[in-house]
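[1] One predicted model, sequence on top.
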Amino acid sequence: MTVRIGVVGTGAIGREHVERLTRTVAGARVTAVADIDPAAAEKAAAEAGGARVAADVADLITADDVDAVLVSSWHAAHAEHVLAAIAAGKPVLCEKPLATTAEDALRVLAAEEAHGRRLVQVGFMRRYDPGYRELKRVIAGGGIGRPLMMHCAHRNPTQSERYTTEMAAQDTGVHEIDAARWLLDDEIVSAQVIMPRATERRFPHLKDPQFMLFETAGGVRIDLEVFVNCQYGYDIRCETVGETGLVRLPDPARAEVRAAARAGTEIDQEWGGRFAAAFDAEVQTWVDSVAAGAATGPSAWDGYAATAVAAATVEAQRTGAVVDVDLVPRPAFYA
């Protein structure tokens, strides 16, 4: 079976997905694309080898030549597009975040539960990275005893002027929020943000770096450094400390170069290179699940929980207080 995919949003990540579905992922074909920028849509359609440009998102989602939908549009539109896919009864892979508010994410949960079958997968691709999967195996297998603490860092070399203080939680830290929930199999119940001295290599409106502090229902403490103007590269770190040991995310495999009296390895400069294999595995797994008729991977509940934690983190940024995460009880549908 070849799964016919409609791609909503053909910005940077959308174009990467079109290329991935066309050249890397087996069993899939991009048949339609939609974007508010007609030129971007036309370019993506051509790169897909003749996909059509849909008149609008509604036309793409309901089209007979689209079996499943990949949403990589503007974040504020994600919930609307996912809800339309659920209404059409079509599987949907939604790039993070599932929604920009917890209320919209809850609307997605209600719609999917009313449909009666899981259709939604959220694009938390860290779960498909080999290093993170090894962390999960060790922690779940008791290799470090009962987890006590987690130390994380998310560093980018630079950010554009449109990047805001809130985006450090909503767009950047949300990856670690989901990864921590998944690695620990535990929900985050509180958030706090501490602002250290700001780097001069930022736009004046942005507070950078930030320390985000979380606590889980089981009492694990998590600290996350978000530093999006670190200058030197794209650097992702995660270490979990347990009662009998610790496990640390490995650095990407790179050849060591010895020259000019120095030895060292190259540092990634952007997320696409660091997590290319994880994105490939994520989308391949999604396509396989669509063909099999059974959704797998991060669920709409995972999307809701991460959105709720990010919202509490933004409130903590604004107030300086420790903010409780007010999750609704997890429905049995997502057990």
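    Sure, I can see it.

[2] tell me the contacts of Arg248?
    Listed by C-beta atoms under 8 Å, 6 or more residues apart in numbering, the contact partners of Arg248 are Arg237, Cys238, Glu239, Thr240. Quick note: C-beta positions are derived from backbone N, CA and C, even for glycine.

[3] hmm, try it at 7 Å
    Shown in contact with Arg248 (C-beta atoms under 7 Å, 6 or more residues apart in numbering): Glu239.

[4] how much space between it and Tyr234?
    18 Å (C-beta to C-beta, to the nearest Å).

[5] Do you have the strands of the stretch 151-300 of the chain handy? List them.
    188-194, 210-216, 221-227, 235-242, 246-248, 257-259, 262-264 (DSSP state E, counting those that start in this stretch).

[6] out of those strands, nearest to Asp280?
    strand 235-242 (17.4 Å; C-beta to C-beta).

[7] Can you check what angle separates the closest one from strand 221-227?
    For strand 235-242 against strand 221-227, the angle between stretch directions is 170 degrees (axes from the mean of the first three to the mean of the last three C-alpha atoms, to 10 degrees).

[8] Check the offset of the lowest-mean-pLDDT helix or strand in the chain from the chain's centre.
    Of all helical and strand segments in the chain, the minimum by mean pLDDT, DSSP states H and E falls on helix 271-274, at a mean of 82. Between the centre of helix 271-274 and the centre of its chain there are 13 Å (C-alpha atoms, centre = their mean, to the nearest Å).

[9] Just the pLDDT at Ala335, thanks.
    pLDDT for Ala335: 88.

[10] Can you say which of the strands of the stretch 151-300 of the chain is nearest to Asp129?
    Checking the strands of the stretch 151-300 of the chain against Asp129 by C-beta to C-beta gives strand 235-242 as the closest, at 9.0 Å.

[11] Need the mean per-residue confidence for that closest one.
    Rounded mean pLDDT across strand 235-242 is 98.

[12] Show me what counts as buried in that strand.
    Asp235, Ile236, Cys238, Thr240, Val241, Gly242 (16 or more other C-beta atoms under 10 Å).

[13] Give the buried residues for stretch 106-126.
    Here stretch 106-126 shows 106-109, 111-113, 118-126 as buried, counting by 16+ other C-beta under 10 Å.

[14] returning to that earlier point: kindly reformat the strands of the stretch 151-300 of the chain as TSV containing distance to Arg146.
    Below are the strands of the stretch 151-300 of the chain laid out as TSV (distance: least, C-beta to C-beta, whole Å):
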stretch	distance to Arg146
strand 188-194	17
strand 210-216	12
strand 221-227	13
strand 235-242	6
strand 246-248	12
strand 257-259	40
strand 262-264	37
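
[15] can you give me the helices in the stretch 1-150 of the chain?
    With helices called from DSSP state H, counting those that start in this stretch, the stretch 1-150 of the chain shows them at 12-23, 38-47, 57-62, 78-87, 102-115, 130-140.

[16] Could you save those helices as JSON lines and add columns showing distance to Pro157 and mean pLDDT?
    JSON lines is the format used below for the helices of the stretch 1-150 of the chain (distance: least, C-beta to C-beta, whole Å; pLDDT from 0 to 100):
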{"stretch": "helix 12-23", "distance to Pro157": "16", "mean pLDDT": "95"}
{"stretch": "helix 38-47", "distance to Pro157": "25", "mean pLDDT": "95"}
{"stretch": "helix 57-62", "distance to Pro157": "33", "mean pLDDT": "97"}
{"stretch": "helix 78-87", "distance to Pro157": "26", "mean pLDDT": "98"}
{"stretch": "helix 102-115", "distance to Pro157": "31", "mean pLDDT": "98"}
{"stretch": "helix 130-140", "distance to Pro157": "20", "mean pLDDT": "98"}
